[in-house]
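> Here's my sequence, what's the structure:
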Amino acid sequence: MKLQDPRPSKWLLFRIWASVGLQSFGGGASTTFLIQRAFIEKHRWLSMEEFMYFWNLCVLTPGINLVALTVLIGKKLGGVWGIVVSLAGLLLPSAAITCLLAATFLQVENVAAVQAVLRGVIPATGGIMLIVGLNFALPLIRRSYKEGVLYLLASGVLMIACALAIILLKLSVIIVILGAILLGALFFSPGRGSPLPEDEEEQGE
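As a prediction, the model looks like this:
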């Protein structure tokens, strides 16, 4: 996929992030999916590999991952002012609506129709999380396939092991991430790994 020149205007960047924030019903999974669709599929300012690189950086740092991701994308597309307008677009409109909805919900939370709506939101959110997970996994699987069967097998085992550690063993996410970092350092040598997005862009020039 050929990327477009990532130089949107500040106003366009604000409108895109505001649209993401206002549509992101269902939590972080829906927000992540909307970011992927806006910046990777629609405007082609990011590749999926670069998005995953940014996301991995956010996972390695404390705090809210989506806020950190917004900062990284805003910095890439607009520098310091890109960070400012991206955060403002994502947080301000959606925060105002969330406050209004929370105040309204306290008045109607026991209504049967409202409870039915909430029961429908849960499976919808699960479906969105599945799509987001597949979007993350497919580029990794394709890259691992190119590196060889053993590399692909190791990547698959690591993904399954992390999922089982959280679901069955109830391990802390911090422990799982630190364990994945250690295993990656041991079994995925830098010489065999794929280049970072910046390196790929330089090689393509």
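> Counting by contacts, list what the lengthiest helix in the chain packs against.
Taking DSSP state H as the criterion, the chain has its longest helix at helix 65-108. With contacts taken as 3 or more CB pairs under 8 Å, 6 or more residues apart in numbering; DSSP states H and E, helix 65-108 sits against helix 10-23, helix 28-36, helix 48-59. Yep, even glycine has a C-beta here, placed from its N, CA and C like the rest.
> And the pLDDT at Glu201?
Note for Glu201: predicted pLDDT of 48.
> The one 4 residues further on now?
You'll see Glu205 listed with a pLDDT of 47.
> Now for the residue nearest to the spatial centre of the chain: which residues touch it?
Note on the chain: the residue nearest the mean C-alpha position is Thr32, at 4.3 Å, using CA atoms, centre = their mean. Applying CB atoms under 8 Å, 6 or more residues apart in numbering to Thr32 gives the contacts 66, 69, 132.
> go again using 6 Å as the cut-off
By CB atoms under 6 Å, 6 or more residues apart in numbering, the contact set of Thr32 is Val132.
> before we move on, what about Val85?
Shown in contact with Val85 (CB under 6 Å, 6+ apart): 10, 13-14.
> And for Gly89?
14, 17-18.
> Show me which of the residues you listed is closest to Phe188.
The closest of those to Phe188 turns out to be Trp17 (CB to CB; 33.4 Å).
> Now that we're looking at that closest one, what pLDDT does it have?
Model confidence at Trp17, expressed as pLDDT, equals 94.
> what does the one 10 residues further on give?
The model reports Gly27 with a pLDDT of 66.
> Assess the claim that Cys162 and Val176 are in contact.
Yes. With contact defined as CB atoms under 6 Å, Cys162 reaches Val176; the gap is 5.3 Å.
> if we can go back for a sec, and Gly78, which of the helices and strands packed on helix 65-108 is closest to it?
helix 10-23 (5.6 Å).
> Just the buried residues of that closest one, please?
Buried residues in helix 10-23, defined by neighbour count with 16 or more other CB atoms under 10 Å: 10, 13-14, 16-18, 20-21.
> again with stretch 85-104
Here stretch 85-104 shows 85-91, 93-94 as buried, counting by 16+ other CB under 10 Å.
> Where does Gly63 sit: helix, strand or coil?
In three-state terms, and counting by DSSP: H, G, I helix; E, B strand; the rest coil, Gly63 is coil.
> related to what we said a few turns ago, check the buried residues of helix 10-23 against Gln36 and report the nearest one.
After measuring the buried residues of helix 10-23 against Gln36 - CB to CB - the closest member comes out as Val20, at 10.1 Å.
> Tell me how many other residues crowd the closest residue to the closest one other than its chain neighbours.
Leaving aside its sequence neighbours, Val20 sits nearest to Leu34 (CB to CB, 6 or more residues apart in numbering; 4.6 Å). By the criterion of other CB atoms under 10 Å, Leu34 has 21 neighbours.
> which residues sit in contact with Leu34?
For Leu34, the contact set (CB under 6 Å, 6+ apart) comprises 20, 23-24.
> one more time with 10 Å
With CB atoms under 10 Å, 6 or more residues apart in numbering as the criterion, the residues that contact Leu34 are 16-17, 19-25, 128, 132.
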